[in-house]
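> Sequence first, then the predicted structure, then my questions.
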Amino acid sequence: MKKKAWALLLAASLLAAGCGKDAAADKKTVEVAVSEAASETAEIEAELETGSEPEPEAEPETESETETERETETETETETETETETETETEAVTESGAGEGAAEGVSSIHLENPQIDIAGLSTAQVDWGSGGPKDDLNRPGGCLIDQQKYGHLNAYFLAPLADPTEKVAYLTFDIGYTNDSTVKILDVLKEKGVHGVFFATKGVIEKDETVIRRIIDEGNELGNHSVTHTNMAAKSVDEQRSEIMDTHNAALEKYGYEMHLWRYPEGKFSEQGLAIVNNCNYRSVFWSFAHRDWILDEQPDVGETRQKVIDALHPGAIYLLHGISPTNAAVLGDLIDAGREMGYRFELLQ
């Protein structure tokens, strides 16, 4: 046991020496090794003081076949993401060690998506918009068509529901920068007991620490909205990966938070691009409602917008609202109240 304790201490020291900002995921391994070594060293010291022999170590248990055969063959593209993805919630403070600036109590989700061969997939640009005639559940036809067409690439145009008639809606907010309206939106969500997804660019994640920490600490989801907020379909494969992973790593390093939801800037994507996002262990989240709310000097009328967002409610609705809009901040509480009166629940899209 004494040799094992010294070996563990030596291994822990070597691991700690190799940890840098790019090896944040090893921190938990280091902490566990140090803890084991310290515990066993304490046992040896106690046993030497009493003159007793240490208890023989138990033989390690053989791992079950379920534990040793973790990797599975990639499922067919027609299989749903709930059947082909592994989600593991990881604590993002000391337990995950995913970043020194991690907010206390924060958890994030790690995806391990089956990888998709991008060879042969179309690079043609698609400009997303949730138009088209609505069905008897008030769902836009464009969402239904593209969900069927691209859903196997881990893309949401409508939120997936076990019961397609279930009255559940989801709030998402895009923030290329923040202002007083962003804070007011967070105030409303907190007051109403509702959570939303905030898709932030790398610049916001790095610079607006107060807002980002509040988003995370209050139970909202932080989503990835790229580095440059430009047309992804016009970029190379490597450029698209960099837009995703540079933003991902910024949140991981600064807040210990692992994002897993991606939103395309301008809604411009390609079939190949959706596969690239999937292969970065993300889901692409589009929307089934949006309006022209991002120009501060041309804000839509509050009364008209209030009625518009309420009338748009439908099962699996994904609202895209810009987090800088005073109009959105003004009508958000009314949307939640009216939706609840109609029997809707507002849940967090994860």
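Received it, and whenever you're ready, just let me know what you need. Numbering: from 1, shown residues only.
> you'd agree F346 is in a strand?
Yes: counting by DSSP: H, G, I helix; E, B strand; the rest coil, F346 falls inside a strand.
> number of nearby residues for the closest residue to it other than its chain neighbours?
Distances taken as C-beta to C-beta, 6 or more residues apart in numbering place V194 nearest to F346, at 4.5 Å, with adjacent residues excluded. (C-beta placed from N, C-alpha, C; glycine too.) Residues lying near V194 (other C-beta atoms under 10 Å) number 23.
> which stretch of helix or strand covers D146?
Using DSSP states H and E, D146 maps to helix 141-150.
> what about whichever helix or strand comes after that helix, average pLDDT?
Moving toward the C-terminus from helix 141-150, the next helix or strand (DSSP H and E) is strand 155-156. What strand 155-156 shows for mean pLDDT is 98.
> same thing with stretch 108-125?
95.
> what about it, how long is it end to end?
Using C-alpha to C-alpha, to the nearest Å, the end-to-end distance of stretch 108-125 comes to 31 Å.
> Kindly report the same for stretch 132-147.
Distance across stretch 132-147, first residue to last, is 14 Å (C-alpha to C-alpha).
> Give the buried residues for it.
K134, R139, P140, G142, C143, L144, D146, Q147 (16 or more other C-beta atoms under 10 Å).
> Residues contacting that stretch, please?
Stretch 132-147 is contacted from outside by 128-131, 155-158, 164-165, 286, 288-289, 312-317, using C-beta atoms under 8 Å, 6 or more residues apart in numbering.
> Okay, and which of these map to strands?
The strands, defined by DSSP state E, take in A155, Y156, A317 from these.
> what about the last one, neighbour count?
Looking back up the chat, that one is A317. Per other C-beta under 10 Å, the neighbour tally for A317 reads 27.
> Would you check that it makes contact with Y156?
No: if you go by C-beta atoms under 8 Å, A317 and Y156 don't touch, sitting 11.4 Å apart.
> Give the buried residues for stretch 328-347.
For stretch 328-347, the buried set under the neighbour-count rule, 16+ other C-beta under 10 Å, comprises 328-336, 338-339, 344, 346.
> can you list contacts of that stretch?
Outside of stretch 328-347, the residues within contact range by C-beta under 8 Å, 6+ apart are 167-171, 173, 181, 184-185, 188-189, 191-192, 194-195, 293, 302, 305-306, 309-310, 313, 321-322.
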